[in-house]
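Trainee: have a look at this prediction, sequence included:
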Amino acid sequence: MTGGNLSNPDGVDAPMTLDGRFGDHVMADRSDIRGETSVDPAARFGTVRTRSLIFAARITAEDQQVQSMPDASPTKWHLAHTTWFFETFILKNDPAYRVFDEAYDYLFNSYYEAVGPRHPRAERGLITRPSLADVHTWRAHVDAAMIDLIRHGDEAIWRPLLDLGLNHEEQHQELILMDILHAFSRNPLEPAYDRLRIEHASPLALGWKDLPGGLAEIGHDGHGFAFDNEGPRHKVWLEPFRIASRPVTNGEWLEFIADGGYREPRLWLSDGWAAVQREAWNAPLYWREDGGAWTALGLSGRRPVDANAPVCHVSHYEADAFARWSGKRLPTEAEWEIAAGFGDLDQLEGQVWQWTASPYVAYPRFRPAGDATGEYNGKFMSGQMVLRGSSLATPPGHARITYRNFFPPAARWAFSGLRLADDV
């Protein structure tokens with residue numbers, strides 16, 4: 001692994017690959033992130049925490065300090081914030097624990113108003129101290145305390161929030177990759193996170209699955225871990241619909257570009273068209289036309305656009321415009337979940353998050369937790385759109401068909417694509 005002057009403090013040597021999904025080498029057994037009782041919780045904790053260090057060890061200390069835009073965070077901050085989560089919400093409840101540094105409460109709180117004040121999000125890249133080495137020392141301190149608590153302490157202290165903390169860290173592992181790709185895109189050298197060879201995507205025929213509609217149920221059933229926004233399970237009424245067998249491909253997006261899709265205002269929502277004009281969008285984020293051929297910057301560097309691969313790094317506005325251009329529409333999240341439950345659609349996970357037509361709002365009877373962790377999801381249920389599935393950067397086993405990812409409709413730096421739907 002390359003990583004400048006970084007070392008691997010846990011002595012783990014687990015290579016990653018871009019063939020398919022990141023992290024499959026690191027943890028092939030997907031059971032250890034689903035909270036199953038057969039898995040040693042201390043070992044599960046160590047596995048998830050180590051993966052973050054493996055992801056970070058591929059880039060230099062300088063790379064880990066940079067913040068390329070207000071919506072992104074430095075890798076060093078991700079390593080620190082996930083550590084802050086375990087210290088704040090679990091370890092501080094243990095009378096035997098001694099806080100590593102009280103100043104870190106302010107520096108690495110993200111948005112938890114109930115916990116206290118915090119450093120401005122847009123200025124996280126200015127936190128040059130503590131150093132990266134100091135953050136690693138803090139992580140080791142917290143990890144040792146957590147392992148000791150899990151093995152020898154009061155289970156009532158760590159059990160309620162361990163799964164939330166581990167799934168939270170897995171979300172930040174994907175954010176590490178999202179954010180460093182954006183940072184590298186702003187560097188004239190366009191560095192690669194990992195230059196391992198990528199296999200070209202195999203062409204998949206576009207088919208359609210017809211579903212009859214009617215009364216159905218969506219949402220998590222309460223068995224195993226889920227984020228609070230995935231429930232309660234509730235009934236929905238669906239009209240008959242059809243959904244594409246696979247996501248939209250780069251090749252199909254090239255046809256959209258060639259047909260003037262980015263120049264036709266009738267295809268776009270008003271806010272989307274304003275974004276096209278304001279930001280001069282003419283292709284997905286990280287795409288560039290070089291001598292008449294399109295290339296795209298990815299985690300393996302800049303490469304020719306693979307026509308067979310799912311299109312990635314498009315906003316909800318772009319996804320909606322493409323659907324209109326196709327004479328189709330985006331599925332609702334209920335349609336996506338019901339269709340996914342049949343298990344015969346291609347590329348449901350491990351490729352791109354898929355935009356839906358659904359705004360991110362609470363399910364019926366949803367109530368956030370009464371403590372500070374209630375701020376995790378519920379406070380963001382405004383001005384966002386839901387994505388379903390998972391991406392090539394999502395840790396294996398992290399997502400479920402009930403998983404509700406969400407981003408503002410103009411966001412493009414996520415690993416986001418789309419799957420079409422239509423009325424029957």
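Mentor: Perfect, I can see it now. Residues are numbered from 1 along each chain as shown.
Trainee: quick one, what contacts residue 241?
Mentor: Contact partners of residue 241, counting by C-beta atoms under 8 Å, 6 or more residues apart in numbering, are 210-211, 213, 331, 335, 421-424. Quick note: C-beta positions are derived from backbone N, CA and C, even for glycine.
Trainee: same check on residue 91?
Mentor: Contacts of residue 91 by C-beta under 8 Å, 6+ apart are 97, 142, 145-146, 149.
Trainee: how near is it to residue 175?
Mentor: 23 Å (C-beta to C-beta, to the nearest Å).
Trainee: and what of residue 207?
Mentor: Counting by C-beta to C-beta, the gap from residue 207 to residue 175 is 33 Å.
Trainee: just residue 105 next, same as before
Mentor: In terms of C-beta to C-beta, residue 105 sits 21 Å off from residue 175.
Trainee: on that earlier part again, name the residue in residue 207 and residue 175 with the higher neighbour count.
Mentor: Using other C-beta atoms under 10 Å, the more surrounded residue of residue 207 and residue 175 is residue 175, with 20 against 13.
Trainee: that's a helix at residue 216, yeah?
Mentor: No - Residue 216: not assigned to a helix; according to DSSP: H, G, I helix; E, B strand; the rest coil it is strand.
Trainee: is it true that it touches residue 233?
Mentor: No - Residue 216 is not in contact with residue 233 according to C-beta atoms under 8 Å; the separation is 10.7 Å.
Trainee: tell me the phi and psi of residue 342?
Mentor: phi -80, psi -20 (degrees, to the nearest 10).
Trainee: can you put the contacts of residue 241 in a markdown table and add secondary structure, pLDDT and neighbour count?
Mentor: Below are the contacts of residue 241 laid out as a markdown table (DSSP: H, G, I helix; E, B strand; the rest coil; pLDDT from 0 to 100; neighbours: other C-beta atoms under 10 Å):
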| residue | secondary structure | pLDDT | neighbour count |
| --- | --- | --- | --- |
| 210 | strand | 97 | 12 |
| 211 | strand | 97 | 18 |
| 213 | coil | 93 | 15 |
| 331 | coil | 98 | 28 |
| 335 | helix | 98 | 27 |
| 421 | strand | 98 | 23 |
| 422 | strand | 98 | 16 |
| 423 | strand | 97 | 10 |
| 424 | coil | 92 | 11 |
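Trainee: wait, which of the residues you listed is closest to residue 129?
Mentor: residue 331 (47.2 Å; C-beta to C-beta).
Trainee: shouldn't the closest one be in contact with residue 337?
Mentor: No - applying C-beta under 8 Å as the test, residue 331 and residue 337 come out as separate, 9.2 Å apart.
Trainee: now stretch 203-216: buried residues?
Mentor: 211, 216 (16 or more other C-beta atoms under 10 Å).
Trainee: ranges for the helices of the stretch 201-350 of the chain?
Mentor: 250-258, 270-279, 316-325, 333-340 (DSSP state H, counting those that start in this stretch).
Trainee: next SSE downstream of the last one?
Mentor: So the one you mean is helix 333-340. Tracing the chain past helix 333-340, the next element assigned as helix or strand by DSSP states H and E is strand 353-359.
Trainee: still on that earlier bit, dump the contacts of residue 241 into TSV; add distance to residue 312 as well.
Mentor: Listed next are these as TSV, based on distance: C-beta to C-beta, whole Å:
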residue	distance to residue 312
210	27
211	26
213	30
331	18
335	22
421	19
422	23
423	27
424	29
